[in-house]
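Asker: Sequence plus predicted model, see below.
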Amino acid sequence: MEIFLKLFNGHHVTRRGFLKTMMIGSVGAFLGAKIEEATGRTLTAPSEAVPPLPWPYVKLDPVEVAERAYVGYWKVCCCYGVAESIIGSLQDKIGFPYTTIPTMMFHFGCGGMHHWGYLCGALAAASVVTHIIAGNPDKAVSEKTAWPIATDVYRYFENESIPDPNFIPKAPRYPEVKVRSIVPGNTLCHSYVMKICNLQKCDPGDPPRKETCARLAASVAMKLTEYLNMWADQRFKPVYSKPASAVGCLKCHSAGGVSSYRGWGEWDCTQCHKQAWKHP
């Protein structure tokens, strides 16, 4: 044993050092095997280089993805539900490089970005997923590929009844809740939640709001999957257009406009800037 320790790896190694190294290696191998056993996925070797965007995509069943997103919501939140439903499905079907993405990171979108009530987390996840699949390192290229898809998902959310009344989960968490859909009018989490709570006469932590947002996540995941499938067939075309209010307002309120209040935006301006306000 002493001779082996001295020659191990060409260096002098103490008995304690050797046993420590072997123990770390054994624990690592054991944990790796258990993770693979639990997830059913082969862990990516560190030597594999992550390829540039876009990553390969295979068409998914929108209804199956929606169901997975609904379940994912209850595990974490809407952002995780949307991301895991698509990325997780692609981890199962394709494997690498999707297995390099730790989907649990998508808890960042809970409650409209860390509970700030900003952009709905389901839409934040939709943007990330879209850029992984249809994006490009060149921003100019992504503006023609990924941006239109993500933008149309946003407009879908803004203009349609959310959640999709046609989606009924196989095993509702709160089957007694009568889910009521609304047309959000914008993409803000706090706006949507307040409207739902007012409609359902409930608090944000109550079952009616939670069940509604779980189905919201499913609806967004389902719509995004439909779009990605069309993109894979090279037949995606935007369904929605910029609201008339945004087109009209930005004539004066965007770069080079006559107003001193300039910016940019895509949604209906009158959601926040009321027409009754004093205007020149």
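Answerer: Thanks, I have it. Numbering: from 1, shown residues only.
Asker: in the helix or strand harbouring Tyr156, what counts as buried?
Answerer: Per DSSP states H and E: Tyr156 is located in helix 139-159. Residues of helix 139-159 classed as buried under the neighbour-count rule (16 or more other C-beta atoms under 10 Å) are 142, 145-159. In short, each C-beta sits where N, CA and C put it, glycine included.
Asker: other SSEs contacting the helix or strand where Lys195 lies?
Answerer: Lys195 is part of helix 189-200 when elements are defined by DSSP H and E. Helices and strands touching helix 189-200, by 3 or more C-beta pairs under 8 Å, 6 or more residues apart in numbering; DSSP states H and E, are helix 207-232.
Asker: Let's see that with 10 Å instead.
Answerer: The helices and strands touching helix 189-200, judged by 3 or more C-beta pairs under 10 Å, 6 or more residues apart in numbering; DSSP states H and E, are helix 121-134, helix 207-232.
Asker: Spatially nearest residue to Cys229 (excluding sequence neighbours)?
Answerer: Just to correct that, residue 229 is Asn rather than Cys. Lys59 (4.5 Å; C-beta to C-beta, 6 or more residues apart in numbering).
Asker: Provide the secondary structure category for that neighbour.
Answerer: Under the three-state scheme (DSSP: H, G, I helix; E, B strand; the rest coil), Lys59 adopts coil.
Asker: residues touching it, list them.
Answerer: By C-beta atoms under 10 Å, 6 or more residues apart in numbering, the residues touching Lys59 are Lys93, Thr225, Glu226, Leu228, Asn229, Met230, Trp231, Ala232, Asp233.
Asker: Spatially, which two of these are the most separated?
Answerer: Within the contacts of Lys59, Lys93 and Met230 form the most distant pair, 18.2 Å apart (C-beta to C-beta).
Asker: Can you pull the poorly scored residue ranges out of the stretch 151-280 of the chain?
Answerer: Applying pLDDT under 70 to the stretch 151-280 of the chain flags the ranges 244, 246, 248, 251, 264, 267, 274-280.
Asker: follow-up on the earlier one: closest one to Met104 among the helices and strands packed on helix 189-200?
Answerer: Per C-beta to C-beta, nearest to Met104 of the helices and strands packed on helix 189-200: helix 121-134, 12.4 Å.
Asker: Buried ones among the contacts of Lys59?
Answerer: Using 16+ other C-beta under 10 Å, the buried ones in the contacts of Lys59 are Thr225, Glu226, Leu228, Asn229, Trp231, Ala232.
Asker: And the fourth one, how far from Tyr57?
Answerer: Going back to what we said before, that points to Asn229. With distances taken as C-beta to C-beta, to the nearest Å, Asn229 is found 9 Å from Tyr57.
Asker: Pro56 contacts Pro97, correct?
Answerer: Yes: judged on C-beta atoms under 10 Å, Pro56 makes contact with Pro97 at a distance of 8.4 Å.
Asker: Counting neighbours, go ahead and name the busier of those two.
Answerer: Pro97 (19 against 13; other C-beta atoms under 10 Å).
Asker: now the closest residue to that one other than its chain neighbours: how far from Ala217?
Answerer: Spatial nearest neighbour of Pro97, chain neighbours left out: Val50 (5.3 Å); criterion: C-beta to C-beta, 6+ apart. Distance, Val50 to Ala217, by C-beta to C-beta: 27 Å.
Asker: Tell me the pLDDT of the residue nearest to Asn229.
Answerer: The per-residue pLDDT reported for Lys59 equals 98.
Asker: residues in contact with Lys142?
Answerer: Careful, residue 142 is Ser and not Lys. Listed by C-beta under 10 Å, 6+ apart, the contact partners of Ser142 are Leu53, Pro54, Thr130, His131, Ala134, Gly135, Asn136, Pro148, Ala150.
Asker: Measure how buried the fourth one is and give me the count.
Answerer: Pointing back at His131 there. His131 has 18 neighbouring residues, counting by other C-beta under 10 Å.
Asker: Once you drop chain neighbours, what's closest to it?
Answerer: Closest to His131 by C-beta to C-beta, 6+ apart is Ala146, at 4.7 Å.
Asker: Go ahead and confirm the one you found touches Leu53.
Answerer: Yes: the pair Ala146 and Leu53 qualifies as a contact (C-beta under 10 Å) at a distance of 8.7 Å.
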